[in-house]
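[1] my questions concern the predicted model and sequence given below.
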Amino acid sequence: MKWYTKIPSPLIMLFLIILVVAAMTWLLPAGLYERMEVSGRMRVVPGSYGEVEATPLGLFDIFKAFPEGYKRATPIIFICLASALMFSLLERSKTIENVIGRVVYLMGGGKQSPQPEHGLRADGTVQKPAMKQGRAEILLVLLTLVYGLLGIMVGYENNIATIPIAAIVVLALGGDLVLAAGVSVGGMTVAFGLSPINFYTVGNGHLIADLPLFSGAWLRTILCTGGLALIAWYNVRYYRRLIANPESGIGRGLDTEGMKLSKPLEAYAISGKNWMLLVIFLLGLAAVLYGVFNIKGFHINDTSAIFLMVTVALALASGLSGKEVTDAGFHSIAQMAPATFIIGMATTVSVLMEQGQIQDTISNGLANALSGLPTYLSAIGMSIGQSGLNLLIPSGSGQAMATLPVMIPLGNELGLSPQISILAFQIGDGVTNLFNPSLGGLVAMLSLCRVPFDRWLRFALPLTGMLLVWAWLGLLLAVAVGYS
């Protein structure tokens, strides 16, 4: 039996994590750091850790934490539903399919028969990609970089509505849904995690350390660019293997209904109504971009509101009947429901840690474990420790506020500049987001690509290992040159 057949679903993984966290409230001493308000946010006071009265969680406490977890996860859950509703109308009106089919044809696609299932025609012969392989590979690289740029400039969940577009393009090129997730979810996750201007990790870290905002960007830019180049190469390598042997695809047999091209490429045309719906969709994305870059306090709920406004506009302009709009909406919600359920469970983990008062205990324990290590090993150890914490505190800003006020002073004692401590934190948090079942945005995006988590792990784990090696080399370079 192969190892990946034993991978449990994210639902089971998260429930096991919840049980482990609950058990830790009985095994670990409860403890808290003192906190003070800085720029409207509560921040840990270094060196203030102290044990408090234990609050171990019983069976009833575990299940009582679920409603609170779902309550906190509402913004992410809602943006997932809003994105699914919006895309369902673009899908039902054939706008996205017609646009992508026509664009691929104009970029060099030849005659292409409908594709019943990735890689194989109904008669069992191999399905050829929609254009010459070299051109397809260039397009895959460009798509990966585009999604990476979205991750750097716009953020994470704000881009969720663009994920299905990658699925249709990659399927048209002869790829599968796992490759579509590698291009979109993978490119965005890597770039967001290693972004030189990630406010949630780097920005909060610089505020905590009183460093100039986004200073030292040269090294993080190198790491981010190299990470994107690595995942682009990884995607192309997988695509080549897929074209050579469609049976080897990790995404073989996944449901592509509504995402694959349904007719020959030369038969596609973009109607006036398609253009109108596409313009409405693009105006919505432009409004999100404008809000992210120009409106202070523009957050995820604002993006959800724009997506809902676009959905209403699409429904009115599409010419679909009320029943067709309703059916499309309910179908999209049904597809997204499992992901939203998992997002709520993921947030429950952090609720339990707070109620059991062990979050600060774990942060303090990590600091103590690193205190005796040599300088180079302590930098790598700090990154590994943050990777473990990322499973329990998937929020980058939450991790920053909880751990960096402890890690930065510790790093000074170990000969690590604050900039290096922040970089170690960013690597630990960012790279491991590729396989973190507690990260709601990741689970939701995979759901939009219809990629089960176990299939994604088979694709992403080797890539994560390569990226960690690359990032750790950069971290060792930072220590060697006294990065500050």
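    Now that the structure is in, tell me what you want to look at.
[2] doesn't Met107 make contact with Arg135?
    Yes. With contact defined as C-beta atoms under 8 Å, Arg135 counts as touching Met107 (6.8 Å). From N, CA and C alone the C-beta is placed, and that goes for glycine too.
[3] shared neighbours, these two?
    Counting by C-beta atoms under 8 Å, 6 or more residues apart in numbering, Arg135 and Met107 have no common neighbour.
[4] which parts of stretch 141-160 are buried?
    Neighbour counts over stretch 141-160 (16 or more other C-beta atoms under 10 Å) mark 141, 143-148, 150-160 as buried.
[5] next one: stretch 222-236
    In stretch 222-236, counting by 16+ other C-beta under 10 Å, buried: 223-224, 226-228, 230-232, 234-236.
[6] ditto for stretch 78-90
    For stretch 78-90, by 16+ other C-beta under 10 Å, it's 78-90.
[7] could you do stretch 388-405 as well?
    In stretch 388-405, the ones that count as buried by 16+ other C-beta under 10 Å are 389-397, 399-405.
[8] show me which of the residues you listed is closest to Ile168.
    Nearest to Ile168, judged by C-beta to C-beta, of those is Pro394 at 28.8 Å.
[9] farthest pair within the buried residues of stretch 222-236?
    Leu223 and Val236 (20.6 Å).
[10] in stretch 282-299, what counts as buried?
    So, applying 16+ other C-beta under 10 Å, buried residues of stretch 282-299: 284-285, 287-288, 291-292, 298.
[11] may I ask which helix or strand of this structure has the lowest mean pLDDT?
    Least confident helix or strand of the chain, by mean pLDDT, DSSP states H and E, is strand 41-44 with a mean of 69.
[12] just the buried residues of stretch 141-160: which are in helices?
    141, 143-148, 150-153 (DSSP state H).
[13] what segments of the stretch 1-150 of the chain are helices?
    Secondary structure of the stretch 1-150 of the chain (DSSP state H, counting those that start in this stretch): helices located at 10-27, 59-72, 74-92, 95-106, 133-153.
[14] again, but for the stretch 251-400 of the chain
    Using DSSP H, counting those that start in this stretch, the helices of the stretch 251-400 of the chain run over 272-294, 300-317, 322-356, 359-370, 375-392, 396-414.
[15] can you say which of those helices is nearest to Leu468?
    Per C-beta to C-beta, nearest to Leu468 of those: helix 375-392, 8.2 Å.
[16] can you name the residues in contact with that closest one?
    Residues outside helix 375-392 that contact it (C-beta under 8 Å, 6+ apart): 17, 21, 349-350, 353, 359, 362-363, 366, 369-370, 373, 399, 403, 407, 411, 414-416, 420-421, 424-425, 427-429, 431-433, 436-438, 471-472, 475-476, 478-479.
[17] which among these count as buried?
    17, 21, 349-350, 353, 359, 362-363, 366, 370, 399, 403, 407, 411, 414, 416, 420-421, 424-425, 427-429, 431-433, 436-438, 471-472, 475, 478-479.
[18] circling back to that earlier point, mind putting the helices of the stretch 1-150 of the chain into JSON lines with mean pLDDT and distance to Met309?
    Output for those, formatted as JSON lines (pLDDT from 0 to 100; distance: least, C-beta to C-beta, whole Å):
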{"stretch": "helix 10-27", "mean pLDDT": "91", "distance to Met309": "31"}
{"stretch": "helix 59-72", "mean pLDDT": "93", "distance to Met309": "25"}
{"stretch": "helix 74-92", "mean pLDDT": "89", "distance to Met309": "10"}
{"stretch": "helix 95-106", "mean pLDDT": "86", "distance to Met309": "17"}
{"stretch": "helix 133-153", "mean pLDDT": "91", "distance to Met309": "21"}
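[19] can you lay out those as a markdown table showing distance to Ile165?
    Converted to a markdown table, those look like this (distance: least, C-beta to C-beta, whole Å):
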| stretch | distance to Ile165 |
| --- | --- |
| helix 10-27 | 24 |
| helix 59-72 | 29 |
| helix 74-92 | 9 |
| helix 95-106 | 6 |
| helix 133-153 | 9 |
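[20] out of those helices, which gets nearest to Trp218?
    helix 133-153 (15.1 Å).
[21] now the closest one against helix 272-294, angle please.
    Counting by axes from the mean of the first three to the mean of the last three C-alpha atoms, to 10 degrees, helix 133-153 lies at 40 degrees to helix 272-294.
[22] contacts for the next helix or strand after helix 133-153 next, please.
    Of the helices and strands lying after helix 133-153 in sequence (DSSP states H and E), the nearest is helix 163-172. With contacts defined as C-beta under 8 Å, 6+ apart, helix 163-172 is touched by 83, 87, 91, 96-97, 100-101, 104, 109, 112, 115, 118, 130, 139-140, 143, 147, 176-177, 179-181, 183-185, 256, 259-261, 265, 445, 448-450.
[23] low pLDDT regions in the protein?
    Counting by pLDDT under 70, the chain contains low-confidence ranges at 1-5, 38-42, 109-131.
[24] ok so, going back, Glu51: which of the helices of the stretch 251-400 of the chain is closest?
    helix 359-370 (8.1 Å).
[25] measure Arg135 to Thr55 for me?
    Separation of Arg135 from Thr55 (C-beta to C-beta, to the nearest Å): 60 Å.
[26] comparing the two, which shows the higher neighbour count?
    Neighbour comparison, Arg135 and Thr55: the larger count goes to Arg135, with 16 against 13 (by other C-beta atoms under 10 Å).
[27] related to what we said a few turns ago, nearest to Arg252, of the helices of the stretch 1-150 of the chain?
    Using C-beta to C-beta, the helices of the stretch 1-150 of the chain put helix 133-153 closest to Arg252, at 18.4 Å.
[28] the helices of the stretch 251-400 of the chain: which one's closest to Pro212?
    Nearest of the helices of the stretch 251-400 of the chain (C-beta to C-beta): helix 396-414, 15.1 Å.
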